[in-house]
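In: need a 3D model of the sequence below.
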Amino acid sequence: MRRGLAGVAVLVAVTAVGCGTEDGKDVVVAGTPPATPYAGPLYVPATDSDESGAAGRALECDGKMYAGGDAETWSKGDGGKNPEGGLRAYFDIEQPDVPRTGYRVERRADGRVLFSYDVGGRTKVAVVVAKDGKNRPGWGPETSASCNPAEFPASFTKAHGYEIWTGKDGKRVPTTVVSSSVGAAHCDWQKAHFLETGDGKNGRLYARDPDGVLEPGMLTASYDGDVRMPASARDTGYRYQDWQLWLTPDASKAYVRTPDGVEAWPLVKDGMRCM
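Out: I've put the predicted structure just below:
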């Protein structure tokens, strides 16, 4: 699956899950039919600006679409024998970071089936499966799309290592606005912490490194766990548990207020990522 926005995928310690089921739950459930199911076409040609096709149109995000695209190709035997098998093939082939159980059939038309994963009666993941596409033998994904992880249930985001912040109104904030995560284990960064504000070209990545586990020269300054809050700092209103995020106009450091005081998280230098 192609993400609609760049982010901290290489830093988030996302927990891998098995294909098809979670905790013994079914991939597809009967569910409750939506009051107004998606009524558009199940085949929409991909464009350079939007490869999510019909799946993207079927989403009901609170914010912007987070990820979406058309499917990869696969070999004979990789596809499913029926539409549900096609949904399982989507998980196996695309390896998306989305819930893998609790989908329902929202619509069947034109030799295709739309599966949707709903939260509060609104579609947050949409997968259109089709049979015997070009270089796609058997049933499998044709297009797929998903909302921001912040719109998934808290049980899912917690289990998958996402730290979802809240705004001034107490609502969960998209990870493309602010997000944080424990450092990646395969780089031995578990004792470090990362925080990103914004996304793509305008994004800034900060790090908390009290134990000095990050490589020398990776940060623009040293982490400081006990500082005075600068007079120019403003409260962003973003919260994660008992952390409060404050920023200065130059955004050279992120100031995190905790019950014990104020910490200064320096910027991570460009290009310094865990691969």
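In: neighbours around Tyr38, how many?
Out: When neighbours are counted by other CB atoms under 10 Å, Tyr38 registers 21. Where C-beta positions appear, they are placed from N, C-alpha and C, glycine not excepted.
In: which residues touch Pro137?
Out: Taking CB atoms under 8 Å, 6 or more residues apart in numbering, we find Pro137 in contact with 74-79.
In: by neighbour count, which of those wins?
Out: Gly79 (24 neighbours).
In: helix or strand: which one has the residue sitting furthest away from the middle of the chain?
Out: Of all residues in the chain, Ala231 has its C-alpha farthest from the mean position, at 34.6 Å, by CA atoms, centre = their mean. Secondary structure from DSSP states H and E places Ala231 outside every helix and strand.
In: now it: how far from Tyr255?
Out: 12 Å (CB to CB, to the nearest Å).
In: kindly report the same for Phe115.
Out: Distance from Phe115 to Tyr255, by CB to CB: 44 Å.
In: can you put the contacts of Pro137 in JSON lines and add distance to Asp209, secondary structure and pLDDT?
Out: Shown next, in JSON lines, are those (distance: CB to CB, whole Å; DSSP: H, G, I helix; E, B strand; the rest coil; pLDDT from 0 to 100):
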{"residue": "Trp74", "distance to Asp209": "42", "secondary structure": "coil", "pLDDT": "95"}
{"residue": "Ser75", "distance to Asp209": "44", "secondary structure": "coil", "pLDDT": "94"}
{"residue": "Lys76", "distance to Asp209": "49", "secondary structure": "coil", "pLDDT": "92"}
{"residue": "Gly77", "distance to Asp209": "47", "secondary structure": "coil", "pLDDT": "92"}
{"residue": "Asp78", "distance to Asp209": "42", "secondary structure": "coil", "pLDDT": "94"}
{"residue": "Gly79", "distance to Asp209": "46", "secondary structure": "coil", "pLDDT": "95"}
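In: which one of those is nearest Ala207?
Out: Trp74 (38.6 Å; CB to CB).
In: which residues touch the closest one?
Out: By CB under 8 Å, 6+ apart, Trp74 lies in contact with 89, 93, 135-137, 140.
In: one more time with 10 Å, if that's ok
Out: 89, 92-94, 133, 135-138, 140-141 (CB atoms under 10 Å, 6 or more residues apart in numbering).
In: take those and keep only those in helices.
Out: 89, 92-94 (DSSP state H).
In: ok so, going back, from the contacts of Trp74, which is closest to Lys269?
Out: Distance ranking of those against Lys269, using CB to CB, places Glu94 first at 32.2 Å.
In: picking that back up, looking at Phe115 and Tyr255, which is more packed in?
Out: More crowded of Phe115 and Tyr255, by other CB under 10 Å: Phe115, with 26 against 23.
In: what's the pLDDT at the more buried one?
Out: As predicted, Phe115 sits at a pLDDT of 96.
In: for the chain, give me the ranges with low pLDDT.
Out: Where the chain drops to pLDDT under 70, the residues are 1-25, 33, 200-201.
In: count the neighbours of Ala221 for me.
Out: Counted with other CB under 10 Å, the neighbours of Ala221 add up to 11.
In: phi, psi of it?
Out: For Ala221, the backbone dihedrals are phi -160, psi 180 (criterion: degrees, to the nearest 10).
In: good, we can wrap up now.
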